[in-house]
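Enquirer: what's the 3D shape of this:
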Amino acid sequence: MKKLKQELKQEAKIFVPDIKLEVLESVGIRENAREKKKRSYARILVPVLAVFLLVLTIPLFFTEVNAKETLVTLNINPAFLIKVEDDKVQSVDALNDEAVLVLYDEELNDDLVETIKQLVAKAKDLGYKNKPTITAYNNNKKIENKMNKHLQEKLQNCEISFDEKISSKERLYQRQKREGLDLKNLKLEDVIKKDNDYNQQNLENLRAILNQYEQEISNLNYMEEANNLNGAINQFMLDMDQAINENNETEILRRFKNFNNNVMCFGNPQYNKDEIVAYYNENKEQIKNYMYFVEEETNNYMHNMRRQIVEYLQKENYEVVDLGEIVYLPEDVTEVLPPIEEYIDIDFNKAFIDQLIANISRRMRVVENRGHIFNHELFFIEEQYNILNNYLQEHETYLTDENVSLFLAEYELFINKYRR
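Expert: Residues are numbered from 1 along each chain as shown. Sure, this is the predicted structure:
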């Protein structure tokens, strides 16, 4: 019985029916019109008020959701708009032509600080050496200040432009109002673009030019040729391993001859069976490494082609020309790859030094032909020379190399002539 009372009491708390009118009417008392009218108003007002409160809270909810997205601007002359949500980069957009060129052939990750560092490094490599200026914008001032302080801590070589008292968004809007911009119905992203003289049509035209050159690079099929070469080398190794394991002299001689005639030179074609086996086993690991080298060098060559396209477009040469007028186009990818024989005997330290000297000398010749030097060229030449000099200090034996000595003498004359 006690348990039943407790259950009834609990249910009464959940639902209590309104029986007031029934009780009054049973004893002959009826509700007057005024009270009835009050009850009617109550029935209407309660749901209306509930809807009104819901409408009021919806903007608050969406403001909180939008506050998760922070917009970060990075300006080094190339100007970028980086969208960040939950500390992860969602997208990076170019705000001017220079930024389109920096982003070309660049793979970025979703870490904000690393993305900024990567963009700054690429911009410097292309000759833009202004101090990077960074600003974070958010509808929530606390989130905005937190992001700006975070960037200030992590990117001490950059200028983080913000004021804890006045939000970056507010300062931006005040600046644009003074410029006469009608801010009505404009999103924060639109105002930032206006502040950076964003011209969508110009950027789309430049991207179209880059896409046209990229299509030409793709049509060269250099990567496909590199993969075919590696496939032939891999098949040669499989066949040789099998023939050697079976001690099949005929197959060893045939495979060796076919590879030399149809793929590339490897060893002396006059080797007998034992000499072939000894030479193959001695250089087997080098052959495997060579396949990685083929892929890497082909990628590097294609990246270098894209770099030359960017340097061409930096001079605002926006009229599309044949790709061959900008870069050297070999008939076959093997033209830019040393054969296995040379690779086995390569002095990689010397090869690296020779490559640096070639890069610097090529840029020096361009300057000499023109008769004057641009700041970004001087920056590039001095930066490459510093890399070379540091490497030579670590490998002093190459300082006596004739080509190195000649270059160092030429560089000293050049830099004394053009350094301001």
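Enquirer: Name the secondary structure element that contains the nearest residue to residue 138 once chain neighbours are set aside.
Expert: With C-beta to C-beta, 6 or more residues apart in numbering as the criterion, residue 138 has its nearest non-adjacent residue at 3.9 Å, and that residue is residue 144. The C-beta positions use only the backbone N, C-alpha and C, and glycine is treated the same way. In this structure, residue 144 is located in helix 141-154 according to DSSP states H and E.
Enquirer: per-domain residue ranges of this protein.
Expert: Using automatic domain parsing, the domain ranges for the chain come out as 19-65, 68-197, 199-346, 347-420.
Enquirer: Can you tell me which of these has the worst average pLDDT?
Expert: For these, mean pLDDT drops lowest on domain 19-65, to a mean of 50.
Enquirer: And the strands in this structure, which stretches?
Expert: 69-75, 79-85, 88-94, 133-137, 159-160 (DSSP state E).
Enquirer: could I get those as a markdown table with distance to residue 307 and mean neighbour count?
Expert: Converted to a markdown table, the strands of the chain look like this (distance: least, C-beta to C-beta, whole Å; neighbours: other C-beta atoms under 10 Å):
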| stretch | distance to residue 307 | mean neighbour count |
| --- | --- | --- |
| strand 69-75 | 21 | 22 |
| strand 79-85 | 19 | 19 |
| strand 88-94 | 18 | 16 |
| strand 133-137 | 25 | 22 |
| strand 159-160 | 28 | 16 |
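Enquirer: With distance to residue 280 added, can I get those in JSON lines?
Expert: Output for those, formatted as JSON lines (distance: least, C-beta to C-beta, whole Å):
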{"stretch": "strand 69-75", "distance to residue 280": "53"}
{"stretch": "strand 79-85", "distance to residue 280": "52"}
{"stretch": "strand 88-94", "distance to residue 280": "49"}
{"stretch": "strand 133-137", "distance to residue 280": "56"}
{"stretch": "strand 159-160", "distance to residue 280": "59"}
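Enquirer: for the ones you listed, which one sits closest to residue 213?
Expert: strand 88-94 (16.8 Å; C-beta to C-beta).
Enquirer: Touching, residue 128 and residue 98? I think so.
Expert: Yes. Using C-beta atoms under 8 Å, residue 128 is in contact with residue 98, at 6.8 Å.
Enquirer: Could you tell me which residues touch both of those two?
Expert: Residues touching both residue 128 and residue 98 by C-beta atoms under 8 Å, 6 or more residues apart in numbering: 77-78.
Enquirer: residue nearest the centroid of the protein?
Expert: Nearest to the geometric centre of the chain sits residue 108, at 2.2 Å (C-alpha atoms, centre = their mean).
Enquirer: just the helices in the stretch 51-200 of the chain please.
Expert: Assigned helices in the stretch 51-200 of the chain, in chain order: 97-103, 112-125, 141-154, 168-178, 188-195, 200-219 (criterion: DSSP state H, counting those that start in this stretch).
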